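Undergrad: predicted coordinates and the sequence they were generated for:
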Amino acid sequence: KMRFVWALLAPLPLTCPVAALTCFGDCKQYNYLRPPIRPTCSERTVELLAHPLIVLKLARSGSEWITSLLASHPSIRTCAHELLHAPQNTLGQARWMTSSFPAYDAMLSALACRRFENRTAAWLQKLGPSPPPGTRVCLEQRVTLPPFEETARCEMYCQRAACFNLNPYRLFESGAKCTGFYKQRWDAGGLSSGRSYALFERFALDSGARILILTRQDTFASTVSTYKAEWATRKKPCATVRNYYRKTHDVTTCYATLRLQANVSRMVEIWRETEFRHRQIDGLRKTLAANGVPVSLLTYEEVVKHGGNLPKWLWDFLQLRQTVATASRVHATTIISCWRSAFLNAQEVYDAFVGAMTVLQQERLKCTTNMMNS
């Protein structure tokens, strides 16, 4: 169904200059996206990333931080965060579900280290008006766009440093009216079976990409972070702070002062969904590996354990020399020592989660227990 994707990934010639490159999407939000300076095909003076890197991340897993650390490597230098966020917002959710083409077209743009904003007009024209809510509209069969020009393909060959992260659910939702993803998204194997999975596996194999799955083992910490982010998105308590989206020190200080009256049932719901998505993405990892796609798992906790540096095995996986990262330009969302400090009804939250968690998972609440007993 998507031969146009694979046709663009054919072998390319060795003799072509590399044009000036820019970031893949909206550069305003993330200041570590910057134009890399690369040699021509015949004058390679730096070690280049041998394969495109696609990071599939779960929410609140430190993806901005880790993307910034990847971008600090001299052989990568730029790494796009939330690659599909802008295309999905431009098209709207209803259009996004009618065809998977815009998502893969944006990913191909990233492989060629090119911006894709000039493609959105073509997407809108081909997809037409947004379908009414609740209707089943699939445009996968008739939507095609012209291939990239030859110079872009040359850039893709000479500049093998494509690096970007994305939400796998946002990717699999593209064309969901055609692939049936919405029917299987609550299945344990929802990310590792069906047409949505098959499209991604084929894309990964044909592009030679390496897949890095990013999670956070402490699902309770992810839950607290997700809940605070939801609340802050609605209330925007720190929106007057300069560089709000860049998570500067002023922004993180503002976040640390928030004291919320938690909706406990909503927090438990987020936690159960987070646990479920962990099982789904681990199934995706196992299926990709079984089918010959190079894939590895990196956790937030492992980066913390290495003092804020990426582990050596990851650089081996990317076939690059290990570097000690410079200080990340992304600050932690919160800088409080214990989650209890963020909530006015911490005891209610604690009681709800003690009932929901297994004995092993209750260890995550230790800081609360210690503070209450002190």
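TA: Sure thing, it's come through.
Undergrad: please point out which parts of the helix ranked longest in the chain sit buried.
TA: Of all segments of type helix in the chain, defined using DSSP state H, the longest is helix 264-290. Neighbour counts using 16 or more other C-beta atoms under 10 Å place 264, 267-268, 270-271, 274-275, 277-278, 280-281, 283-285, 287-288 of helix 264-290 among the buried residues. Where C-beta positions appear, they are placed from N, C-alpha and C, glycine not excepted.
Undergrad: now Ile54, nearest residue through space, not along the chain?
TA: Of all residues not flanking Ile54 in the chain, Ala209 sits nearest, at 5.0 Å (C-beta to C-beta, 6 or more residues apart in numbering).
Undergrad: how many residues are close by that neighbour?
TA: 20 (other C-beta atoms under 10 Å).
Undergrad: per-residue pLDDT, it?
TA: Reported pLDDT at Ala209 in the predicted model: 90.
Undergrad: what's near enough to touch it?
TA: When contacts are counted by C-beta atoms under 8 Å, 6 or more residues apart in numbering, Ala209 is found next to 51-54, 203, 293-294.
Undergrad: how does it look with 10 Å?
TA: The neighbours of Ala209, taking C-beta atoms under 10 Å, 6 or more residues apart in numbering as the test, are 51-54, 107, 111, 162, 200, 203, 293-295.
Undergrad: same question, Glu301
TA: Applying C-beta under 10 Å, 6+ apart, the residues near Glu301 are 61-62, 215-218, 221.
Undergrad: buried ones only from the residues you listed, please, as a ChimeraX command.
TA: Selection of buried members from the contacts of Glu301 for ChimeraX, criterion 16+ other C-beta under 10 Å:
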select :61,62,215,216,218,221
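Undergrad: name the helices or strands packed onto the longest helix of the chain?
TA: The contact analysis (3 or more C-beta pairs under 10 Å, 6 or more residues apart in numbering; DSSP states H and E) places helix 264-290 against strand 53-57, helix 168-173, helix 194-207, strand 210-215, helix 219-235, strand 295-299, helix 346-356.
Undergrad: listing partners with orientation, what would you give for the first one?
TA: With DSSP bridges as the criterion, the sheet partners recorded for strand 53-57 are strand 163-166 (parallel), strand 210-215 (parallel).
Undergrad: what angle do helix 264-290 and it make with each other?
TA: Put simply, strand 53-57 runs at 150 degrees to helix 264-290, going by axes from the mean of the first three to the mean of the last three C-alpha atoms, to 10 degrees.
Undergrad: report the angle between the axes of strand 53-57 and helix 194-207?
TA: 150 degrees.
Undergrad: next, find the distance separating Phe185 from Ile213.
TA: Rather than Phe, residue 185 is Arg. Separation of Arg185 from Ile213 (C-beta to C-beta, to the nearest Å): 18 Å.
Undergrad: mind showing which ranges of this protein have poor pLDDT?
TA: Within the chain, the stretches with pLDDT under 70 are 1-48, 77, 112-118, 141-161, 239, 241-248, 324-337, 358-364, 366-374.
Undergrad: re earlier: mind checking which of Arg185 and Ile213 has more residues around it?
TA: It is Ile213, of Arg185 and Ile213, that has more neighbours when counted by other C-beta under 10 Å, with 21 against 17.
Undergrad: report the contact partners of the more buried one.
TA: So Ile213 contacts 54-58, 61, 168, 281-282, 284-285, 288, 295-299 (C-beta under 10 Å, 6+ apart).
Undergrad: rerun at 8 Å
TA: Going by C-beta under 8 Å, 6+ apart, Ile213 touches 55-57, 281, 284-285, 295-298.
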